[in-house]
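> Okay, structure incoming, though there's no sequence with it:
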């Protein structure tokens, strides 16, 4: 028996490859099928099952394409209604995979169809659970992401989750391994650990949601309090996973079109395309195509794309470091952005070499910001971190407009004012500055430098302010 966790850091997502006696199962695959096909081919195994723990909201699964390429059966648990062919398993149903068995445990709560898959080893002993978003390491799945179904509330789902954990999961032996669908960084939970697997016994000791003395009412309250609104693309991804989507190969082919600077400009105008620049933040501020938006590949790329670009079918043109164009198209498709229509051949340097117009964003370091603050304590400092980050520590007098809400809060800003923009490291402030710049805000000064170094740079800091209920 082989169990392999295939972890993708950008999405904090774990897919799984299970193999026994030449048969394989894939649990919660990402959009691209090649890693799973390659893994099975190297082992001389046949993919027999594609197991989906639920309708994922934070990425588009590769289950449909993988099934078409392998003939494998797509399996969901109870109450999963789809518009494509799949097998709906019964609670407690077993599936043989070589010499091992995979048992279906219906564990509603994160969503109504959420299912945990229990792996029984060659001796029939409980070995591991693949919990999807039902149980994380250090947390449980948030109960407010399910697509609307009648009058079911997040409190109802939280109650179901309590029951599922107590009757289906916590009754298993302590030595059972826990393999969740996500780790720290995912928006599918509130307090996930950086660890990507654990034993069930250790989770019973350390996970707040598995306390033995916890009442159902206490669980519902703790799991539902403090939930921020989910990113806007979550419901759209869940819908794609339920209804189906265009093949990944077609999406890649459409996007992998190299365009000259002139062709790139023409495509932008003809298609009303969004120009997405995915280089590093330092390169971007030094020069970029006018009206382009920065979301760097080396940050939390896919989640920020999903949070900030509202139309999944928005035509997108890509400016990427040379050699990373196809990576960009793939990572867009992982979260349902399937309409990349080409990239700038030769990257931004080709644009400059062609003598085309480009723009810049003034960028300063922390010492320069401290000097500006000393000269005028009334300057507008915009902190684009999360409210919890701002509440813990921020520059005196700064305003908090989290990057997640920049599009919604733009009407509250003035194009006549100068804004000094910062975050934890400069990534999010560069994203925010690019969005504002594209919307006609010209008086922007971006600050690159870590929050941890602000006090040392001479900036006055405020600690431990009660969190605001608003975004700003």
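Yes, it's here. This one's a predicted model, so the numbers in the text were calculated from it and none came from an experiment. Numbering: from 1, shown residues only.
> Quick one: end-to-end distance for stretch 192-209.
Taking Cα to Cα, to the nearest Å, the first and last residues of stretch 192-209 lie 12 Å apart.
> Then stretch 396-415?
Note: stretch 396-415 ends 23 Å apart using Cα to Cα.
> Check stretch 430-447 too.
Using Cα to Cα, the two ends of stretch 430-447 sit 8 Å apart.
> Mark out where each domain of this structure begins and ends.
2-237, 246-353, 363-463 (automatic domain parsing).
> Now render those domains as TSV, adding mean pLDDT and mean neighbour count.
The way it works is simple: take the backbone N, C-alpha and C, and place the C-beta from them, glycine included. Formatted as TSV, the domains of the chain follow (pLDDT from 0 to 100; neighbours: other Cβ atoms under 10 Å):
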stretch	mean pLDDT	mean neighbour count
domain 2-237	94	19
domain 246-353	97	19
domain 363-463	93	18
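> And the helices in the stretch 251-400 of the chain?
With helices called from DSSP state H, counting those that start in this stretch, the stretch 251-400 of the chain shows them at 261-271, 281-286, 301-308, 325-333, 347-353, 366-375, 387-392.
> Of all those, which one is nearest residue 39?
Residue 39 sits nearest to helix 325-333 of all the helices of the stretch 251-400 of the chain, at 17.2 Å, using Cβ to Cβ.
> Give the other helices and strands that that closest one contacts.
Packing partners of helix 325-333 (3 or more Cβ pairs under 8 Å, 6 or more residues apart in numbering; DSSP states H and E): helix 248-255, helix 301-308, strand 316-319, strand 340-344.
> of all these, which lies closest to residue 409?
When the helices and strands packed on helix 325-333 are compared by Cβ to Cβ, helix 301-308 sits nearest residue 409, at 12.6 Å.
> between the helices of the stretch 251-400 of the chain, which gets nearest to residue 293?
Of the helices of the stretch 251-400 of the chain, nearest to residue 293 by Cβ to Cβ is helix 301-308, at 7.7 Å.
> Pull up the distance across stretch 235-250, start to finish.
End to end - Cα to Cα - stretch 235-250 spans 23 Å.
> can you check stretch 189-208 too?
In terms of Cα to Cα, the two terminal residues of stretch 189-208 are separated by 13 Å.
> ok, now stretch 40-57?
Chord length of stretch 40-57, first to last residue, is 27 Å (Cα to Cα).
> do stretch 95-114 as well
One end of stretch 95-114 sits 18 Å from the other (Cα to Cα).
> Show me how far that stretch is from its chain's centre.
How far stretch 95-114 lies from its chain's middle: 24 Å, per Cα atoms, centre = their mean, to the nearest Å.
> Need the per-residue pLDDT for residue 469.
pLDDT, residue 469: 39.
> cool, and residue 464?
For residue 464, pLDDT reads 59.
> quick revisit: for residue 203, find the nearest of the helices of the stretch 251-400 of the chain.
Closest approach to residue 203 among the helices of the stretch 251-400 of the chain (Cβ to Cβ): helix 387-392, 24.3 Å.
> Nearest spatial neighbour of residue 442, chain-adjacent residues omitted?
Excluding the flanking residues, the one nearest residue 442 by Cβ to Cβ, 6 or more residues apart in numbering is residue 415, at 7.1 Å.
> mind listing what that neighbour touches?
Taking Cβ atoms under 8 Å, 6 or more residues apart in numbering as the contact definition, residue 415 lies against 440, 441, 442, 443.
> so can I have JSON lines of those showing distance to residue 68 and secondary structure?
JSON lines is the format used below for the contacts of residue 415 (distance: Cβ to Cβ, whole Å; DSSP: H, G, I helix; E, B strand; the rest coil):
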{"residue": "440", "distance to residue 68": "46", "secondary structure": "coil"}
{"residue": "441", "distance to residue 68": "46", "secondary structure": "coil"}
{"residue": "442", "distance to residue 68": "50", "secondary structure": "coil"}
{"residue": "443", "distance to residue 68": "52", "secondary structure": "coil"}
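> So which of these is the closest to residue 224?
Nearest to residue 224 out of these is residue 441 (Cβ to Cβ; 37.0 Å).
> Now the closest one. Nearest residue, chain neighbours left out?
Nearest residue to residue 441, sequence neighbours excluded (Cβ to Cβ, 6+ apart): residue 415, at 5.4 Å.
> Equivalent analysis for residue 272, please.
Nearest non-adjacent residue to residue 272 (Cβ to Cβ, 6+ apart): residue 315, at 6.8 Å.
> In contact with that neighbour: list those residues for me.
Contacts of residue 315 by Cβ under 8 Å, 6+ apart are 271, 272, 273, 274, 339, 340, 341.
> any chance you could map the strands in the stretch 351-472 of the chain?
Secondary structure of the stretch 351-472 of the chain (DSSP state E, counting those that start in this stretch): strands at 362-364, 380-383, 393-395, 399-400, 419-422, 444-447, 461-463.
> among the ones you listed, which is nearest residue 154?
Among the strands of the stretch 351-472 of the chain, strand 399-400 sits nearest to residue 154 (Cβ to Cβ), with 25.8 Å.
> quick one on the thing from earlier: turn the strands of the stretch 351-472 of the chain into TSV, columns for distance to residue 92.
Formatted as TSV, these follow (distance: least, Cβ to Cβ, whole Å):
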stretch	distance to residue 92
strand 362-364	59
strand 380-383	51
strand 393-395	50
strand 399-400	49
strand 419-422	54
strand 444-447	56
strand 461-463	52
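> Those: which one's closest to residue 195?
Counting by Cβ to Cβ, residue 195 lies closest to strand 393-395 out of the strands of the stretch 351-472 of the chain; the figure is 26.5 Å.
> Which elements pack onto that closest one?
Partner elements for strand 393-395 (3+ Cβ pairs under 8 Å, 6+ apart): strand 380-383, strand 461-463.
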